[in-house]
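Colleague: One predicted model, sequence on top.
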Amino acid sequence: MFESLFLRLFVQAAALLDRTFGWHRLPVPLGIAVLVGLRSNLRKRNLYDTGVVPPTKRPPEAQRYLTIRTADGSFNDLDNPAMGSACTRFGRNVPLEYTRPENKQEIVNGPNPRRVSRDLLTRDAFKPARSLNVLVAAWLQFMIRDWFSHGEGDKSALPWKLELPEGDHWPEDSKQAPNCMEIPRTATDPARSSDDTSPPTYINTQTHWWDGSQVYGSDEDTQDHLRLKQDGKLKVGLDQLSTMRSDSKKHPLDEPGFWVGLAMIGELFQREHNAICDLLHSKYPHWSDDELFQHARLINTALIAKIQMTEWTPTILGHPTLQVAMRSTWWGLAGKNIKKRVGRIVNNEVISGIVGGRTNHFGVPYSITEEFAAIYRMHSLLPDDYTFRSAVNDKELQKLKFADVAQRNTTELMQQISMQDLFYSFGIANSGELTLHNYPRGLQNFLRPDGEFMDLAATDILRSRELGVPRYNQFRKLLHLPPVESFEELTDNWKWVEELKRVYDNDIDQMDLMVGLLAEPKPKLFGFGDTTFRIFLVMTSRRLNSDRFFTADYTPEVYTQIGLDYIDDNTMSTVLLRHFPSLQSSLRGLKSAFAPWRRVGL
């Protein structure tokens, strides 16, 4: 009872300090304490179950999966085998009564998503994020392909039809009507009964777990195809990249959103899996192909998660408080050295980290949420123009547009330019800033593999409306943040204020979530705003807390000690240098491989 009272008071004090000063303006130790309190409140008030399969008595076959990740994510929770598995529902971070889709008129005309795209998001000039390189964008898409997909849409329903504004039309060679864009409707959960009056729910075709499904697939057939069936290894190359969808038989190059950045990092971690297999085979020569594969998958997956938590995130969120906080999520405030030498000194995630601690679902079955998917619509990170250079002498090799590095063009590009040169070129170039008027033009008029043009920015706007993700001000209120009273309060950019007023008819409450997230001011050294960060704060740690392979089963018995040491001792830089040692001079002295690299000869 005393502990419960203390926690309530602590959470209330954290909220008060945040409202009064802002957590990012406080000294680092106090800022971390406030973030711990805010996260506790979000865990209690912003995790909602959409009706996934309820817990059952542990089935007899659970014993088979004690120490391996299944292809589809089942049996991660042994008492609720379906939890988090592929083709189960997305959860929510806001109360379910606020998740009904907007009506048809609001979805297509509230205002027209194409108008929002063209008037507020179009890149007038590339705005670089000076502290980030293009690998930041490639890595994020690589991770998203592991976390979620709504599938290919409801082919039985009429698509959404967006009329293009006057004077706006597709290129003359387009297959579709020149002044219209059709967007497939998102398929709702087919298991919902016709008389269910609750808000619709949607299916994640990926596994919800942080399990490397973008490398290994989310179903047994895909995984079986990807395996070499020798020494635990994977096949390597473009043709062997996971299709990343359990319901799709397309070639990876024909998957929507595929581009060279995704291919590069996918192949890198295919190679890394095989390097781990070689290490394990040298230590355990008697192991079978399957034993080597399963252990290498565990290790590779955990390494990917660690890179996300301790390198990618601290690079895009460069605030001093976050530098400590994100690494402590993995290691604890006690730090890496203490954890490696003596293990967990207390059973407290703040002091000793989440990894290796107790599994905790916080009273709600684990799932990725629609709101989590919505905040990661960060296509502004992508440049439109790409200059490829030699990693040996910095010589210019090619200059290309985004369309030239996407879909089937990826094959030709990777045949012409070596992997080391591709990584070098991405490492020395800046990604885009997450702000208004910085959306890639190449994605606003993108030629899909089926021959039709699409505006991905307009699609992003429409999807949040369709999926019942609240608009910006309502979203803030439901995350316990004060609503913005006016466009002038939102931003001091007078040009943006006038544009926002015009597009949204001077109604701040109608502003779309993605637009507000791009327009709001950012904390010091942050790549995105504080509203985005609230979902990030609760969900980033939850993906570790709920996964027994990062908590109770993160042990030498499951991973092997050599596997745990490998995860501890490796970084994105060491992975790159293992496979492309000629990048050494460009990476020397960098704290993060996601920060701009040194150019050869400079």
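Modeller: Perfect, thanks for sending it. Residues are numbered from 1 along each chain as shown.

Colleague: From here on, just use CA atoms for contacts and neighbour counts.
Modeller: Noted.

Colleague: need the contact list for the residue positioned nearest the centre of the chain.
Modeller: Centroid check for the chain by C-alpha atoms, centre = their mean gives residue 144 as the closest residue, at 3.8 Å. Neighbouring residues of residue 144 by C-alpha atoms under 8 Å, 6 or more residues apart in numbering: there are none.

Colleague: just to confirm, which helix or strand has it in it?
Modeller: helix 135-147 (DSSP states H and E).

Colleague: What's the mean pLDDT across that helix?
Modeller: Confidence over helix 135-147 (mean pLDDT, whole number) is 94.

Colleague: That one: which residues count as buried?
Modeller: By 16 or more other C-alpha atoms under 10 Å, the buried positions in helix 135-147 come out as 135, 136, 137, 138, 139, 140, 141, 142, 143, 145, 146, 147.

Colleague: can you pull out the helices in the stretch 1-150 of the chain?
Modeller: Along the stretch 1-150 of the chain, the stretches classed as helices by DSSP state H, counting those that start in this stretch are 2-21, 28-45, 104-109, 113-116, 135-147.

Colleague: Distance from the chain centre to the helix-or-strand element of the chain with minimal mean pLDDT, please.
Modeller: Across the helices and strands of the chain, mean confidence by mean pLDDT, DSSP states H and E is lowest for helix 336-342: a mean of 81. Here helix 336-342 is found 29 Å from its chain centre; the criterion is C-alpha atoms, centre = their mean, to the nearest Å.

Colleague: Not counting its own residues, what contacts it?
Modeller: 331, 345, 352.

Colleague: quick one: contacts for the nearest residue to the second one once chain neighbours are set aside?
Modeller: Spelled out, it's residue 345. The shortest distance from residue 345 to any residue other than its chain neighbours is 6.5 Å, reached at residue 352 (C-alpha to C-alpha, 6 or more residues apart in numbering). Taking C-alpha under 8 Å, 6+ apart, we find residue 352 in contact with 328, 331, 332, 333, 334, 335, 339, 344, 345, 346.

Colleague: mind redoing it with 10 Å?
Modeller: By C-alpha atoms under 10 Å, 6 or more residues apart in numbering, residue 352 lies in contact with 328-336, 338-339, 343-346.

Colleague: Kindly report the same for residue 84.
Modeller: Here residue 84 is in contact with 52-53, 72-77, 90, 204, 206-210, 365-368, 546-547 (C-alpha under 10 Å, 6+ apart).

Colleague: which among these end up buried?
Modeller: Members of the contacts of residue 84 classed as buried by 16+ other C-alpha under 10 Å are 52, 72-77, 90, 204, 206-210, 365-368, 546-547.

Colleague: which SSE is residue 265 in?
Modeller: Assigned by DSSP H and E, residue 265 belongs to helix 260-283.

Colleague: hmm, I was thinking of residue 431
Modeller: strand 430-432.

Colleague: Alpha carbons only: can I get the next helix or strand after that strand in CSV?
Modeller: Downstream of strand 430-432, the first helix or strand assigned by DSSP H and E is helix 441-444. The C-alpha coordinates for helix 441-444 follow below in CSV (Å, rounded to 0.1, in the frame of the first residue of the first chain):
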residue,chain,number,x,y,z
ARG,A,441,8.6,15.0,-54.0
GLY,A,442,9.4,11.5,-55.5
LEU,A,443,6.9,10.0,-53.0
GLN,A,444,4.1,12.5,-53.8
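
Colleague: packing partners for helix 441-444?
Modeller: strand 453-454, helix 456-466 (3 or more C-alpha pairs under 10 Å, 6 or more residues apart in numbering; DSSP states H and E).

Colleague: Least reliable of the ones you listed by average pLDDT, please.
Modeller: Minimum mean pLDDT among those: strand 453-454, a mean of 87.

Colleague: Quick check: can you name the pairing partners of it and their directions?
Modeller: Note on strand 453-454: by DSSP bridges, its sheet partners are strand 446-447 (antiparallel).

Colleague: can you give me how far the partner strand is from the chain middle?
Modeller: That offset, for strand 446-447, works out to 23 Å (C-alpha atoms, centre = their mean).

Colleague: ok, residues contacting it?
Modeller: Contacts of strand 446-447 (C-alpha under 10 Å, 6+ apart): 174, 402, 403, 407, 440, 452, 453, 454, 455, 456.
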